[in-house]
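1. Kindly generate the corresponding structure for this input.
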Amino acid sequence: MSNHLTLTDRSLIEKYLAQGYSLSEIAVRLSRHVSTISREIQANRKFLYYDDGQDYCIKSVSCRKHHVLTEGECHYCRDFCKQCVRHDCTKHCPEFISSRCPKLSKPPYVCMDCKEKPECKRNHAYYSANMAHDASQVRLHRSRQHPHTSVVERAQIRDILAPLLHKGQSVNHILANHGDEIGVSERTIYNYIERGAFRIRNSDLPEKVRYRKRKASTAPSKKVYRNRLGRDFDSYLVYMKSHPNTRVVEMDTVIGKKDGTRKVLLTLIFADKGFMPVFLLPDATQKSVISVLDHLTRVLGIETFRTLFPVILTDNGSEFKDAHRIEHAPNGERRTRVFYCDPQASWQKPHVERNHHLIRNILPKGTSFRLLTEEDAHAITCHINSFSKERFDNKTPMELMMNDPESKKMLDAMKYTLIPPDDVCLRPALLKKDR
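-> The predicted structure follows:
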C-alpha cells in the first residue's frame, strides 16, 4: 500500500467527518494510523473566512467603537478602533470575542459535525477531499523541485565529485569510497547534476552517454567453419550444462585508428570476477594471440593456467581461428577448451564487450595505437581493475582476485597492483603523464 493518501482515501475522510466519526474510527476504516488522519486534516483543512494565523473579533464587521483607550492621543482620535494601526484593540476591548474556536484545536479539528454551527459566529473550518488532494500534490511537487542540501553542503559534495569525475571515475565508484563524506544517494547526485546544482555537466559523467539507434538484429550466419566443429556456441552451452561450476574467460581484441599501425589490444575477462588483463599485440594475427597464451602458460605453470582458463569463449575473428594451438601448450598438453560465439552475435560474450567501454574511456575510438607500449597496457589493466563494481558489492576486480589464492598467482606473476581509489584515472590523461 502506498504511503501517500489517495483521492479515494480523502473522499472517505470527508464523508466520515460529516457523519461524525472519530479520528480513531476513520483510521480503522482506512487501515491507517490515527496520527496520519490527524495530520492530514490539520494540514489540509480550510477556514471559512481567513487563515492567516491572527486572532480577530467576531464583531469586527459591524463594530463602531471609539476610544477603547482613553489615554493620551486616543482621547481625541475620531477613527474606529478596529482601524487603528498604533494599538491592537482586541487586547483592550472588554467586549472582544475571539473568532478562534477552542474546539478546532482538538479532534476532529473541523466543524463539519458541530451542533453549534448554525448559530456560531466564529471562524469555521471544513475539510474538502478535492482541495486537500490538490494541495497535497502541489506540496509533493515543490518538495522535489529543489535540492534539500544547503549551499555549503553542495559545495563540499562538488569539491569531492568534480576532480574524480574528471579522472573518468563513475558516480558509483566515488560513492563506494566517499559515501560517508557525500551523504546522499547515487540517484540524488544524478538529479542534482541534472538541475545544475554542482556545476557538473552530463558530459563529465562516463556512464551518461547517448547511444545511436541500434540496427535491427539479423539472424546469425549458419556457415560452418572447420575450427568451429564441436566448438560452436551450442556446444558451449552443452558443455557448461554438464560442467556448471566451470570458470569462463571471454576473449576479444580492441583496435585503434587505421593509420598504418597494426597494433591491437588483446583482452581476457574473468566473467566471475570482472577482472580483465589487457595485452598489447604487434598485430591481429593468430601468432600474436598464441604468443600471449604461451607466455601466460610459462609464467603461471600449466596447472595454474588450467585452473584460471578452463574455458575460453571468443568470437570468429581471424586471429582466434587456430583453435588447436589455443587449446594446447607448445609441448602438446591440453591447457584449455575454446568455444566460439555465433557470427554477428557479440552479445553472447557480454562481459568483455561491456568492459571495453572502460578502455574506450582511456583510448576513444579514432585514437591511434602507434605510440602504445606494454607499460601502457599494464597501466590500463591496473586502473580499470581498480574500479569499484556495483554488481560485486562495490568491490574492485583486483580485490576479488587477491582474495583467491589461485587468481593471486596471476597478479603476482604479471605484477598487477591495486590503484588507490582516488588515483584511478579512466581518461586519456592516464597515458599522457609520461609523454
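2. what about the strands in the protein?
-> 46-47, 125-126, 248-255, 264-270, 278-281, 311-314, 337-340 (DSSP state E).
3. And those: which comes nearest residue 364?
-> Closest of the strands of the chain to residue 364 is strand 248-255, at 11.4 Å (criterion: Cβ to Cβ). (Each C-beta comes from the backbone N, C-alpha and C, glycine too.)
4. Now do the closest one: which elements does it pack against?
-> In terms of contact count using 3 or more Cβ pairs under 8 Å, 6 or more residues apart in numbering; DSSP states H and E, strand 248-255 is assigned the packing partners strand 264-270, strand 311-314, helix 350-362.
5. That one versus helix 350-362: what angle between them?
-> Interaxial angle, strand 248-255 versus helix 350-362 (axes from the mean of the first three to the mean of the last three Cα atoms, to 10 degrees): 30 degrees.
6. Can you tell me the strand partners of strand 248-255 and which way each runs?
-> strand 264-270 (antiparallel), strand 311-314 (parallel) (DSSP bridges).
7. Residue 402 is nearest to which of those strands?
-> Per Cβ to Cβ, nearest to residue 402 of these: strand 264-270, 13.0 Å.
8. What sits closest to residue 236 if chain neighbours are left out?
-> residue 339 (3.7 Å; Cβ to Cβ, 6 or more residues apart in numbering).
9. Make sure that neighbour is actually in contact with residue 231.
-> Yes. Counting by Cβ atoms under 8 Å, residue 339 does reach residue 231; the two are 5.0 Å apart.
10. Same drill for these two, tell me which one is more crowded.
-> Taking other Cβ atoms under 10 Å, residue 339 and residue 231 do not tie; residue 339 has more neighbours (23 against 20).
11. related to what we said a few turns ago, what residues are up against the residue nearest to residue 236?
-> Contact partners of residue 339, counting by Cβ atoms under 8 Å, 6 or more residues apart in numbering, are 231, 232, 233, 235, 236, 239, 311, 312, 313, 314.
12. Now which of those would you call buried?
-> By neighbour count, with 16 or more other Cβ atoms under 10 Å, the contacts of residue 339 hold 231, 232, 233, 236, 311, 312, 313, 314 as buried.
13. any idea how far the first one lies from residue 404?
-> With distances defined as Cβ to Cβ, to the nearest Å, the gap from residue 231 to residue 404 amounts to 27 Å.
14. Could you do the fourth one as well?
-> Counting by Cβ to Cβ, the gap between residue 236 and residue 404 amounts to 24 Å.
15. before we move on, what about the second one?
-> Shown here: residue 232 relative to residue 404, a distance of 30 Å by Cβ to Cβ.
16. What of residue 181?
-> Distance from residue 181 to residue 404, by Cβ to Cβ: 31 Å.
17. ok, these two, which is more surrounded?
-> Taking other Cβ under 10 Å, residue 181 and residue 404 do not tie; residue 404 has more neighbours (17 against 12).
18. tell me which residues form a beta bridge with the residue nearest to residue 337 when sequence neighbours are not counted?
-> Nearest residue to residue 337, sequence neighbours excluded (Cβ to Cβ, 6+ apart): residue 311, at 5.2 Å. For residue 311, the beta-bridge partners under DSSP bridges are residue 248, residue 337.
19. Could you check the pLDDT of residue 311?
-> Looking at residue 311, its pLDDT stands at 95.
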